[in-house]
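Novice: Give me the fold of what follows.
(2 chains)
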Amino acid sequence: MTFAASSTLDAPRPLAAPRSDVLRLGYVRLTDAAPLLVADALGLFHRRGVTVSLSRVGAWAALRDHIALGHLDGGQMLSPMPIAAHLGVSGLATPLSVVATLARHGNTITLGEALMAEIAAAAPELAALRPLPAQALAAAIVARRGSGRPLLTFAVVFAFSSHNYLLRHWLAAAGIDPERDMQLVVVAPPMVANELADGRIDGFCAGEPWGSRAVHLGLGRIGLTTADIWLNHPEKVLAIGQNRLRQAPERISTCVAAIIEAGIWLSDPANHGEATRIVHRTAVPDVPEAVVGLALARQLVLAPGEAPTSVQGLQFHPAATYPHPEHGAWWATQMQRWGHIGAQPDTLIPSIWRPDIWRLAALEAGISPQTPPCPACPPIA
Amino acid sequence: MTLRVLLIDDNLDRAAAVTAGLEADGCLVMGLVPDHADIVAQVRAARAEVIVCDLDHSSRDAIESMRALHRDEPRPVVMFVDRAEPASIAAAMEAGVAAYVIEGLSPSRVRAVIDVAVARFASHQALRAELADMRSALSERKLVERAKGLLMQTRRMSEDEAFRALRRLAMDQGKRLADVAESVIAMAKVLK
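Specialist: Predicted structure coming up:
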């Protein structure tokens, strides 16, 4: 039996056979996999003497399970996922360590054209505001209530995702109950545009390039980004199976050093063209290169036909790669808030978030190993 | 006993082989989902007792999120993979939440594996419910303690008097002790 590719694209590279000197990492088809893709393509891992084999995975749950089953050593992961995996909230219980943040920001909340028309009718004074206030959405929800139409449906990428918790935080702050006043569903990012086109969802929160692709196809407009909800929020992290980290901590910190280096390279505007080509070629060949390039240049086209605007977009600089345990703790409060996990002991987050590994990596990469200032978390509601 | 199974697999040849194996072993295959459009609706409509799914299928995140997002009754998900290290199979069984690994997938073994997975899932769910009960019993005791404290402070009652007052209230109103304690705490907040 062969491994089934879960996307309709060409099959991802087969998972490497377990060799103790090879670090096998998984990633998902998203622009913020860039630090891994770039470090691989530019030979940054190789130059530091670590052999890394990257595999594309079709679902977050699959990535976690491949780590649990020993097919992968780690990979790109949504920030709240290691907490859910550690506690075995669903699927295989998998003890993981967060050794770096791969990127800050980078998700859009994109609304379908039909919903934008409803908002324009219900709250004309709010509809054109950027970032779009959640009160505009609330007005559309109220207008629908009287009309006997179904609840608004928004897609997120996974239950235990920054997308789910930041979207809920934004909605709840405007008095919208995300479980009663609307419906949240999970759709794999490459499918969100199709679901929007078919009218099965009214909007979504997803990482790039998938929001920009929906705008490019004329299906919707970007109302806001998750940076408008939590400025400087950590997005994906690099999570490593705890067994693997115990076996080879030096190899992991060297790998993180290469990722810090890749982040510095990605932050230089002179490299955006080449970065775009690498990400486009390896992760999202089905999305036009110009659309992929937007997020890497920290720009977005907010509505079809508009010129690109600069936004608080993806950040890969060294301070952005530090894994702040405080941020892990904030995700845990949100998971509790929505009833996804129970109360947890204070020891939980320090057993998952490992800034000590990042510090070793910083020394190897030749940057300051000091803890960078910790961006403030949103209030815990 | 007939077991109702929903099969999720993009690989139609493999799906046909698995279906044959399942049906020969007395399973009722409720349907095959080749892609993930509307997966949640399909899972609900199938009313399957167990989902058999390719580990790498792109609909996995939607299926796994059903409980957290929609409060759907969790269903055991049996995943098949083509290979796994022996140690990791042991680890998976240890973790054995809603998942199991079918190595090599010989059709004659499929039913046995699924039965084990369903049994493990059921016992895990029972354990979870027990834990939830224990946790709520603990938090109920905390509520009663707090209500007692408030009564002792504001009404200058002894601990024993406070407890008896709460119990009397509960009996008079036909409510649970914890519920009465909760309303005492709420009331104290209002009167503050």
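Novice: any idea how far residue A:144 is from residue A:183?
Specialist: Separation of residue A:144 from residue A:183 (Cβ to Cβ, to the nearest Å): 12 Å. (C-beta placed from N, C-alpha, C; glycine too.)
Novice: Which neighbours do the two have in common?
Specialist: Taking Cβ atoms under 8 Å, 6 or more residues apart in numbering or on different chains as the criterion, residue A:144 and residue A:183 both touch A:151-152.
Novice: so where does residue A:245 fall, helix or strand?
Specialist: Taking DSSP states H and E as the criterion, residue A:245 maps to helix A:242-247.
Novice: residues making contact with that helix?
Specialist: With Cβ under 8 Å, 6+ apart, helix A:242-247 has contacts from A:20, A:23, A:73-74, A:95-97, A:99, A:252, A:354, A:357.
Novice: Which other helices and strands does whichever helix or strand comes after that helix contact?
Specialist: Downstream of helix A:242-247, the first helix or strand assigned by DSSP H and E is helix A:249-267. Where contact means 3 or more Cβ pairs under 8 Å, 6 or more residues apart in numbering or on different chains; DSSP states H and E, helix A:249-267 is packed against strand A:22-27, helix A:34-41, helix A:44-47, strand A:96-101, strand A:236-241, helix A:355-365.
Novice: Residue A:316: which of the ones you listed is closest?
Specialist: Smallest distance to residue A:316 across the helices and strands packed on helix A:249-267 (Cβ to Cβ): 5.8 Å, for helix A:34-41.
Novice: picking up where we left off before, okay if I get the helices and strands packed on helix A:249-267 as JSON lines plus distance to chain B and mean neighbour count?
Specialist: What follows is those, written out as JSON lines (distance: least, Cβ to the nearest Cβ, whole Å; neighbours: other Cβ atoms under 10 Å in any protein chain shown):
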{"stretch": "strand A:22-27", "distance to chain B": "11", "mean neighbour count": "24"}
{"stretch": "helix A:34-41", "distance to chain B": "19", "mean neighbour count": "26"}
{"stretch": "helix A:44-47", "distance to chain B": "24", "mean neighbour count": "18"}
{"stretch": "strand A:96-101", "distance to chain B": "13", "mean neighbour count": "27"}
{"stretch": "strand A:236-241", "distance to chain B": "10", "mean neighbour count": "28"}
{"stretch": "helix A:355-365", "distance to chain B": "23", "mean neighbour count": "21"}
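Novice: Turn these into TSV, columns for mean pLDDT.
Specialist: Listed next are the helices and strands packed on helix A:249-267 as TSV, based on pLDDT from 0 to 100:
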stretch	mean pLDDT
strand A:22-27	96
helix A:34-41	98
helix A:44-47	97
strand A:96-101	98
strand A:236-241	98
helix A:355-365	97
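Novice: Quick one: low-confidence residue ranges for chain B.
Specialist: For chain B, the stretches with pLDDT under 70 are B:35-37, B:81-110, B:112-113, B:116-117, B:120, B:124-125, B:127-128, B:131-132, B:134-135, B:190-192.
Novice: Quickly list the domain ranges of it.
Specialist: B:3-131, B:134-191 (automatic domain parsing).
Novice: show me where pLDDT drops low in chain A?
Specialist: In chain A (pLDDT under 70), the answer is A:1-20, A:381.
Novice: same thing but at 50, please
Specialist: Scanning chain A with the threshold set as pLDDT under 50 gives A:1-14, A:16-17.
Novice: Break it into its domains for me.
Specialist: Chain A breaks down into these domains under automatic domain parsing: A:22-105+A:233-365, A:107-228.
Novice: List just the one of these that sits closest to residue B:167.
Specialist: Nearest to residue B:167, of all the domains of chain A, is domain A:22-105+A:233-365, at 27.6 Å by Cβ to Cβ.
Novice: How far does that closest one stretch from one end to the other?
Specialist: 20 Å (Cα to Cα, to the nearest Å).
Novice: ok now that domain, how far from the chain's centre?
Specialist: Counting by Cα atoms, centre = their mean, to the nearest Å, domain A:22-105+A:233-365 is centred 8 Å from the centre of its parent chain.
Novice: before we move on, what SS does the residue in the stretch 201-350 of chain A that chain B sits nearest to have?
Specialist: Going by Cβ to the nearest Cβ, chain B is nearest to residue A:340 of the stretch 201-350 of chain A, at 5.2 Å. Secondary structure, DSSP: H, G, I helix; E, B strand; the rest coil: residue A:340 is coil.
Novice: Can you pull the phi/psi pair for it?
Specialist: phi -90, psi -30 (degrees, to the nearest 10).
Novice: Over to the one 5 residues further on?
Specialist: Dihedral angles phi and psi of residue A:345 (degrees, to the nearest 10) take the values phi -70, psi 160.
Novice: In stretch B:7-25, which of the residues would be classed as buried?
Specialist: For stretch B:7-25, the neighbour count (16 or more other Cβ atoms under 10 Å in any protein chain shown) marks B:7-11, B:14-15, B:18-19, B:21-22, B:25 as buried.
Novice: helix, strand or coil for the most far-flung residue of chain B relative to its centre?
Specialist: Distance to the chain centre peaks in chain B at residue B:156, reaching 45.1 Å (criterion: Cα atoms, centre = their mean). For residue B:156, the secondary-structure state derived from three-state DSSP is coil.
Novice: What count of nearby residues applies to residue 31?
Specialist: If you meant another chain, say so; for now it's chain A. Residue A:31 has 28 neighbours, counted by other Cβ atoms under 10 Å in any protein chain shown.
Novice: Please refer instead to chain B.
Specialist: Residues lying near residue B:31 (other Cβ under 10 Å) number 15.
Novice: same question, residue A:80
Specialist: Counted with other Cβ under 10 Å, residues neighbouring residue A:80 total 26.
Novice: Name the nearest residue to residue A:105, sequence neighbours excluded.
Specialist: In this structure, residue A:105 finds its nearest non-sequential neighbour in residue A:227, 4.4 Å apart by Cβ to Cβ, 6 or more residues apart in numbering or on different chains.
Novice: Am I right that the one you found sits in a helix?
Specialist: Yes: assessed with three-state DSSP, residue A:227 lies in a helix.
Novice: ok, which stretches of chain B are strands?
Specialist: Assignment of strands within chain B using DSSP state E yields the ranges B:3-8, B:27-33, B:50-54, B:77-80, B:101-102.
Novice: re earlier: which single one of the buried residues of stretch B:7-25 is nearest to chain A?
Specialist: Set against chain A, the nearest of those by Cβ to the nearest Cβ is residue B:11 (4.6 Å).
Novice: CSV please, covering the contacts of helix A:242-247 and showing distance to residue A:178.
Specialist: Shown next, in CSV, are the contacts of helix A:242-247 (distance: Cβ to Cβ, whole Å):
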residue, distance to residue A:178
A:20, 45
A:23, 38
A:73, 35
A:74, 31
A:95, 30
A:96, 27
A:97, 31
A:99, 32
A:252, 37
A:354, 32
A:357, 35
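Novice: how about those, which pair is most distant?
Specialist: Pairwise distances across the contacts of helix A:242-247 peak at 20.7 Å for A:20 and A:354 (criterion: Cβ to Cβ).
Novice: burial measure for residue B:39, as a count.
Specialist: 24.
Novice: actually residue A:268, not the one I typed
Specialist: Residue A:268: 10 surrounding residues under other Cβ under 10 Å.
Novice: and it, what are its phi and psi?
Specialist: Phi and psi for residue A:268, reported as degrees, to the nearest 10, are phi -90, psi 120.
Novice: do the same with residue A:232
Specialist: Note on residue A:232: backbone dihedrals following degrees, to the nearest 10 are phi 70, psi 30.
Novice: Give me the nearest residue to it, chain neighbours excluded.
Specialist: Excluding the flanking residues, the one nearest residue A:232 by Cβ to Cβ, 6+ apart is residue A:375, at 3.5 Å.
Novice: sec struct for the one you found, please.
Specialist: coil.
Novice: and it, what does it touch?
Specialist: Applying Cβ under 8 Å, 6+ apart to residue A:375 gives the contacts A:231-233, A:324, A:327.
Novice: Could you do residue B:64 as well?
Specialist: Applying Cβ under 8 Å, 6+ apart, one finds that residue B:64 lies in contact with A:61, A:90-91, A:158-159, B:77.
Novice: could you dump the contacts of residue A:375 to a markdown table with secondary structure, neighbour count and distance to residue A:277?
Specialist: Shown next, in a markdown table, are the contacts of residue A:375 (DSSP: H, G, I helix; E, B strand; the rest coil; neighbours: other Cβ atoms under 10 Å in any protein chain shown; distance: Cβ to Cβ, whole Å):
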| residue | secondary structure | neighbour count | distance to residue A:277 |
| --- | --- | --- | --- |
| A:231 | coil | 13 | 30 |
| A:232 | coil | 18 | 28 |
| A:233 | coil | 24 | 28 |
| A:324 | coil | 22 | 32 |
| A:327 | helix | 24 | 31 |
